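K.L.:
fold the stuff below for me.
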Amino acid sequence: ASTVVVGLLLSLAFLLHGCGGGGNSQVTTTTTQTTTTTKGPPSCVSVFEACSDIDSGECYLPLGVDASRYPGCNAGIKTALAGLEAQLAAKNTAGLRESVLGGLVSILNMNTTCLQAMRFVHTSSNKACPMPLPPPMPDLTSNFQSVNLLTLGDWGPTKAGPPQYCRCDQGHGCSDSMFQYLGGHCPAPGSGSWEWNENAQQRIADMLAQKAHDLSPPAVALINVGDNFYYGGIPTPGNKPDQFGSMSPDFAFNKTWADVYLKNKNDPSGRLRVPWLSVMGNHDYGGAGCLADWQAQLDYTAIDPFGVWKMPFQYYKQRVYADGFYFDIFMNEVNVDDCCLTTDHGICHQVLCKGSRGDEFKCQARMRANKDANMEWLDVALNQSIVEGARWQLVVGHYMEMSNVEDVTRLMVKHGAQLYIGGHKHVQEYLETGCAACNGIPQVVTGAGGGIGTQGPAGYGFFNLEVSRDAISVQLISDHTNKTWQVQHPTLRASQNSDVKFLDALTVV
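P.N.:
I've put the predicted structure just below:
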C-alpha cells in the first residue's frame, strides 16, 4: 500500500533528542501473546478500502461491523488524509493544529495510521466511521502467586526548565506543587513548607523507587492515572512551550519522567522500568490552557527508549498472569465531565490559553464521542473478561467521581468488577464504598503524586496493590502515613445479603 507522505514542517516539528539511552531494561516480567482458537475481530483494512492507502497498523473492528453500516467512512478517511496533505503543503498551522487535536497525527509522528484516521473521522464527523478497537496489549506474566502493582497519579512536573504558572512565585519560581491548596498564604522561600511542596515530586519519586527496589515479588507494572504533564500538556503546532504551562516532548518525557523515575538513585536495579500503564488526565488535554497534543503521549509508546511508557490508545485492556490465576486491568478515558465547563477547569473552553486556541466545539464533540465509544467497549470487555474466567477486574480512570465515573462504576456493578483506581482529586485514600454516587464500588484514590499539591491528611504518596488469587492488599505509602487494607475476593464471602444492591463488593477484613 502506498503511504501518505506527511513531511515534518521545520517550524512545527519538535524532535526528541537526548532521550537518555534506555540500556538494558530491568523489567522483571515477561510478555507473551495469548493464543486463542476463537475468531478474531476483523482488521480495518479488510472492511474499509481507504485504509489500504495508509499504514494499517494494529487496527481492528468489533465483530459484525461492515462497510454497509458506515457508507461515508471510506470517503471520510480520504477527505481527512487529503486535508492533512494540503495543510502540510500550505504550511497551514491552524488546520494542522486541528488535525493534531483530533489525534490524526502528533508533533512526534506526522505519519498517520488507519486506526488514527478512523478514530479521527468517528470523533470529528458524527461517527461516520466505526470506532476501532484498542490495540491488543502483550500479556504480562509472573511466576509468583501474587502480583505487585504500583500506582501513581498527578505527579509532574519538576521545577527545572520552562517556568510554570504559580501564584506563590515571589520572584523565585516554584514548582506546580504550590499551584493550589495553600490558601492565601504563600510560604517563604526556603522554609519547611516551601521545601515540602517544592520538592514533592522528587521526594515521592525517591520513595517510589525505594519501594520498587524492595518489593518481593517485584512489581510487574505501574498504574499511572494521568495528569502526567502539568499544567497544560504538550503544545500543538503554532504554540510553544510555556504558553500556560505546556512543555516540549523532550522536557516532558526526559526531565519530568525518565530522569526522575527511571534513572532514580534509589532503584539501581531498574525495578521501576516496568510497564507504566497510563491514561490521560484533564491536564494532558491542556487543563484550562491551550488544547494540548494528547496524541503525542500515545505515539511515545512506540519510541520510548526504555520501552516502558504504555498508552497505545485512550482506553485499553492489560491482562496479567500469575501462578494459578490471571486478572484484567481496564484503562479508561473519563475526562468528559471537564470538557464543556466555561470556568478555569474547562478543557475545551481554554479560558487560560495564552497562545492559539483550538476549536472549542470540535473539542467537545470529540470528547463526548470518545466517552461513548469507551463505555461501549468497556461493557463488552468486562463481560468478556468474566466469561473467560479472569479472577479480578481492576478498572482505572483519571477521575474518581462525577458522571463519567458513575457510568463506569454502573458497568462494574453490572458485570461484577471489583475495584476502581483513580486520581484527579489530590489525595491518597482508600474508599471502601467509593464516592457518594459510585454505586458502592471500592476505590483507590492516588491523586497526590507530587505534581500540583495535596488536599488530604496523607500528604503526597502512592499505593502498592498486591494481588493474589483470593485477596488484594492495598498499601498506602505517603510522607505522612503508611496504612494497609486487606480485601477479600467476593466469592470468599461467607454469606451474601440479597437485599444489598451490590453483592460483589470487596470486603475489608
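K.L.:
can you show me the helices along the stretch 301-450 of the chain?
P.N.:
Using DSSP state H, counting those that start in this stretch, the helices of the stretch 301-450 of the chain run over residues 360-388, 403-415.
K.L.:
hmm, I was thinking of the stretch 1-150 of the chain
P.N.:
44-47, 73-90, 93-101, 114-124.
K.L.:
okay if I get those helices as TSV plus distance to G281?
P.N.:
Heads up, the C-betas are built off the backbone N, CA and C, glycines and all. TSV is the format used below for the helices of the stretch 1-150 of the chain (distance: least, C-beta to C-beta, whole Å):
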stretch	distance to G281
helix 44-47	28
helix 73-90	27
helix 93-101	17
helix 114-124	19
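K.L.:
turn those into CSV, columns for mean neighbour count and mean pLDDT.
P.N.:
Listed next are the helices of the stretch 1-150 of the chain as CSV, based on neighbours: other C-beta atoms under 10 Å; pLDDT from 0 to 100:
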stretch, mean neighbour count, mean pLDDT
helix 44-47, 20, 96
helix 73-90, 18, 96
helix 93-101, 22, 94
helix 114-124, 26, 97
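K.L.:
and V260, which of the ones you listed is closest to it?
P.N.:
helix 93-101 (26.4 Å; C-beta to C-beta).
K.L.:
so what does the closest one touch, helix or strand wise?
P.N.:
helix 73-90, helix 360-388 (3 or more C-beta pairs under 8 Å, 6 or more residues apart in numbering; DSSP states H and E).
K.L.:
which among those helices is found nearest to S52?
P.N.:
helix 73-90 (10.1 Å).
K.L.:
between helix 93-101 and the closest one, find me the angle.
P.N.:
140 degrees (axes from the mean of the first three to the mean of the last three C-alpha atoms, to 10 degrees).
K.L.:
tell me the helices and strands packed up against helix 73-90.
P.N.:
helix 93-101, helix 114-124.
K.L.:
related to what we said a few turns ago, so which of the helices of the stretch 1-150 of the chain gets nearest L149?
P.N.:
Across those, closest to L149 is helix 114-124 (C-beta to C-beta), at 27.1 Å.
K.L.:
alpha carbons of the closest one, as PDB, please.
P.N.:
Output in PDB follows, covering the C-alpha atoms of helix 114-124 (Å, rounded to 0.1, in the frame of the first residue of the first chain):
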ATOM      1  CA  CYS A 114      -5.600   3.600   9.700                       C
ATOM      2  CA  LEU A 115      -6.500   3.400  13.400                       C
ATOM      3  CA  GLN A 116      -5.900   7.100  13.900                       C
ATOM      4  CA  ALA A 117      -7.700   8.100  10.700                       C
ATOM      5  CA  MET A 118     -10.800   6.000  11.600                       C
ATOM      6  CA  ARG A 119     -10.900   7.400  15.200                       C
ATOM      7  CA  PHE A 120     -10.500  11.000  13.800                       C
ATOM      8  CA  VAL A 121     -13.400  10.500  11.400                       C
ATOM      9  CA  HIS A 122     -15.500   8.800  14.100                       C
ATOM     10  CA  THR A 123     -15.000  11.700  16.600                       C
ATOM     11  CA  SER A 124     -14.900  14.600  14.200                       C
END
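K.L.:
the nearest residue to H349 once chain neighbours are set aside: neighbouring residues, count only.
P.N.:
Excluding its sequence neighbours, the residue lying closest to H349 (C-beta to C-beta, 6 or more residues apart in numbering) is T342, at 4.9 Å. The tally of other residues near T342 (other C-beta atoms under 10 Å) stands at 11.
K.L.:
what stretches of this protein score poorly on pLDDT?
P.N.:
In the predicted model, the chain carries pLDDT under 70 at residues 1-38, 157-185, 242-245, 492-509.
K.L.:
which among the helices and strands packed on helix 93-101 is found nearest to V100?
P.N.:
Checked against C-beta to C-beta, the stretch from these lying closest is helix 73-90, at 10.0 Å.
K.L.:
in JSON lines, list the helices and strands packed on helix 73-90 along with distance to I54.
P.N.:
Formatted as JSON lines, these follow (distance: least, C-beta to C-beta, whole Å):
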{"stretch": "helix 93-101", "distance to I54": "14"}
{"stretch": "helix 114-124", "distance to I54": "6"}
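K.L.:
next, count neighbours for V387.
P.N.:
9.
K.L.:
equivalent analysis for the one 4 residues further on, please.
P.N.:
By the other C-beta under 10 Å criterion, the neighbourhood of R391 contains 19 residues.
K.L.:
if we can go back for a sec, got the helices of the stretch 301-450 of the chain as CSV, with distance to P136 columns?
P.N.:
Listed next are the helices of the stretch 301-450 of the chain as CSV, based on distance: least, C-beta to C-beta, whole Å:
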stretch, distance to P136
helix 360-388, 11
helix 403-415, 20
